[in-house]
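Student: Got a sequence here, can you build the structure:
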Amino acid sequence: GLHLNLCRKRDSKKSIISNMPNSRFQNALNRIPQEVPPIWFMRQAGRYHDHYQNLKKSHSFVQLCKNPSLSAQTALGPIEEFDFDVAILFSDILFPLESLGMDLIYDPGPIFKEHLSEENTSRILTNKNPISSLEFQGEAIEKTLELLPEDKSMIGFIGGPWTLLSFASAKNKFAKSEKLKSYQWEILEEHIYPLLHKNISLQLNAGAELVMIFDSCAHQLVKDDLLIYLNKILNELVKSFPNQVGYYAKDGVSYDDIFAATDSSKVPFAGIGIDSNVRIQDIFSKRKNGFVQGNFSEKVITQDFNEFDKALSLFLEDISALSKEDRKGWVCGLGHGVIKTTPQENVKHFVKKVRSYL
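Tutor: All right, here's what the predicted structure looks like:
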C-alpha cells in the first residue's frame, strides 16, 4: 500500500523534521538515564546481510551509495530486519577525496589512480567547488527519512580528516605514522577541513540528528600531533554544530588523549565511540558529558552462537551491575563495524537480548 510518512515531509528550505525521533537515542545524546540503551552498529548495512547482497546482485557499491533511492533502501534493510534504533546514511568515507579531484574507483575496495604526495597535491586537488559533488548524500538522507519508521533516528557520518589523508597518501596500512609534515598539515587546512565542514552541514541540513566522525587511522598520529589535530577538528569541524558531531577512533589510540582534547576545549564532541579492547565500564566513570558508544567485540559476534551468547551475557551482566545513572549516555553497539562473516542470527539475537536483559 502507499505509505506516506506525512510528518516526515520536509519544507526543502528548512531542515526541520516534525516527527519524534527515537526516544532512546535522544535520551542517550542528552544523558538522560534509562534502562535500555539505543542500538546501532557501524556498517550495519553491509556484506554480512542478505538484504545488501541481494541489492548487490543488480547494482555496484558506488550505485548503492550515489543513487539516493538505492542508498535509502540499503540503509533501511537492517532497520526492518534487526530493528536497530538508528539508521545511518549508506555512503563511504572516501567520496570527499574524489570531490577534491582524486581519481577513485571501487574494485571491490577503493583504488586511487594516483596517490597524493607533496609534489602532486596542487595538480590533483583542483576542484573549486567540491561540496557540489556530495549533494547525493543529502538526498540519500532525505530519501531514507521518507521511508524510515517514525520512531527511528537518522544519522550521517564523515571520515576523520587524517584518515582521509592517510588513504589518499597510501599510508592507511601503516602501523605507526611519522610526525606530520608541514605539507600534510597544509592539505588538511586548505582542502580537507573546509570540505568536511560543508559535508557535516549538508548532512545535518538534510535531517541527520548526529554526524559521526570515523577516524580509523587516528592511531597513526604521534601524541603531540594527535592533540593538535583533535583541537583543530574541534575548532574547525565541531564548533559550528554543538552537540551534533560524535567521534570514533579505533584500537591503538589513547582515549585519555581524546578526552583531554575534548575536555580542554570549549566545543566538546557530542560523544565518543569506544573500541572493544577497552572496558566500557571504566569509560562511563570518566565521562561526565556526551554519549559513550560501544563496545561488544565485533570479533566475538562472528563466533558460534553459543560462544557468542555466553560472551554477550557476561558483557550485559557487567554493565547491568552499574545503575542506569552510572551508565547514562550509553549507545549500545560493537567496538568497530560489523565484519562480513557475522551470522545474521547473531545480530538479531544481540538486539533482542540487550533489550530484554537490561
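Student: Grab the CA positions of the helix or strand of the chain with the lowest mean pLDDT and hand them over as PDB.
Tutor: Lowest mean confidence among the helices and strands of the chain (mean pLDDT, DSSP states H and E): helix 255-264, at a mean of 90. What follows is helix 255-264 as a C-alpha-only set of coordinates in PDB (Å, rounded to 0.1, in the frame of the first residue of the first chain):
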ATOM      1  CA  TYR A 255      41.100   7.600  24.800                       C
ATOM      2  CA  ASP A 256      42.700   9.600  27.600                       C
ATOM      3  CA  ASP A 257      44.200  11.800  24.900                       C
ATOM      4  CA  ILE A 258      40.900  12.200  23.100                       C
ATOM      5  CA  PHE A 259      39.200  13.100  26.400                       C
ATOM      6  CA  ALA A 260      41.900  15.500  27.300                       C
ATOM      7  CA  ALA A 261      41.400  17.300  24.000                       C
ATOM      8  CA  THR A 262      37.600  17.400  24.200                       C
ATOM      9  CA  ASP A 263      37.600  18.400  27.900                       C
ATOM     10  CA  SER A 264      40.000  21.300  27.400                       C
END
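Student: Give me the buried positions along it.
Tutor: Under the neighbour-count criterion of 16 or more other Cβ atoms under 10 Å, helix 255-264 has Tyr255, Asp257, Ile258, Phe259, Ala261, Thr262 buried. Backbone N, C-alpha and C define where each C-beta goes, glycine included.
Student: Reformat the residues you listed as JSON lines; add distance to Ile158.
Tutor: What follows is the buried residues of helix 255-264, written out as JSON lines (distance: Cβ to Cβ, whole Å):
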{"residue": "Tyr255", "distance to Ile158": "20"}
{"residue": "Asp257", "distance to Ile158": "21"}
{"residue": "Ile258", "distance to Ile158": "17"}
{"residue": "Phe259", "distance to Ile158": "21"}
{"residue": "Ala261", "distance to Ile158": "18"}
{"residue": "Thr262", "distance to Ile158": "17"}
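Student: For the chain, which segments are assigned as strands?
Tutor: 86-88, 104-106, 110-112, 153-159, 210-214, 245-248, 271-273, 291-296, 330-334 (DSSP state E).
Student: which one of the buried residues of helix 255-264 is nearest Ser216?
Tutor: Nearest to Ser216, judged by Cβ to Cβ, of those is Ile258 at 13.8 Å.
Student: Distance check, the closest one against Gly246.
Tutor: 12 Å (Cβ to Cβ, to the nearest Å).
Student: Now do the shared contacts for these two.
Tutor: Ile272 (Cβ atoms under 8 Å, 6 or more residues apart in numbering).
Student: Give me the distance from stretch 213-226 to the chain's centre.
Tutor: 16 Å (Cα atoms, centre = their mean, to the nearest Å).
Student: Name the residues that touch that stretch?
Tutor: 42, 93, 157-163, 166-167, 171-172, 174-180, 229, 233, 237, 245-254, 257, 261, 269.
Student: Is there a quick PyMOL command that grabs whichever of those are buried?
Tutor: Buried members of those, defined by 16+ other Cβ under 10 Å, are picked up in PyMOL with:
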select buried, resi 42+93+157+158+159+160+161+162+163+166+167+171+172+177+180+229+233+237+245+246+247+248+249+250+253+257+261+269
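Student: For Ile17, give me the pLDDT.
Tutor: pLDDT for Ile17: 43.
Student: State the distance from Lys324 to Asn30.
Tutor: 14 Å.
Student: who has more neighbours, the two?
Tutor: Between Lys324 and Asn30, Lys324 has the larger neighbour count (other Cβ atoms under 10 Å), namely 15 against 12.
Student: Let me see the contact set for the nearest residue in space to the more buried one that is not next to it in sequence.
Tutor: Excluding its sequence neighbours, the residue lying closest to Lys324 (Cβ to Cβ, 6 or more residues apart in numbering) is Pro33, at 4.3 Å. Each residue near Pro33 by Cβ under 8 Å, 6+ apart is listed here: Asn27, Ser323, Lys324, Glu325, Arg327, Lys328.
Student: Now the two most distant members of the residues you listed.
Tutor: Asn27 and Ser323 (15.1 Å).
Student: So for these two, which sits in the more crowded spot?
Tutor: Asn27 (19 against 9).
Student: Not counting its neighbours along the chain, what's nearest the more buried one?
Tutor: Closest to Asn27 by Cβ to Cβ, 6+ apart is Gln34, at 4.9 Å.
Student: can you check Leu316 too?
Tutor: Tyr357 (4.6 Å).
Student: For burial, what's the neighbour tally of that neighbour?
Tutor: 15.
Student: Any regions of the stretch 51-200 of the chain where pLDDT drops low?
Tutor: Counting by pLDDT under 70, the stretch 51-200 of the chain shows no low-confidence range.
Student: 80 - rerun?
Tutor: For the stretch 51-200 of the chain, residues meeting the criterion pLDDT under 80 lie at 175-178.
Student: ok, which stretches of it are helices?
Tutor: 61-66, 68-82, 95-100, 121-124, 135-147, 161-168, 182-187, 193-205 (DSSP state H, counting those that start in this stretch).
Student: Please identify the deepest-packed of those.
Tutor: helix 161-168 (a mean of 25; mean count of other Cβ atoms under 10 Å).
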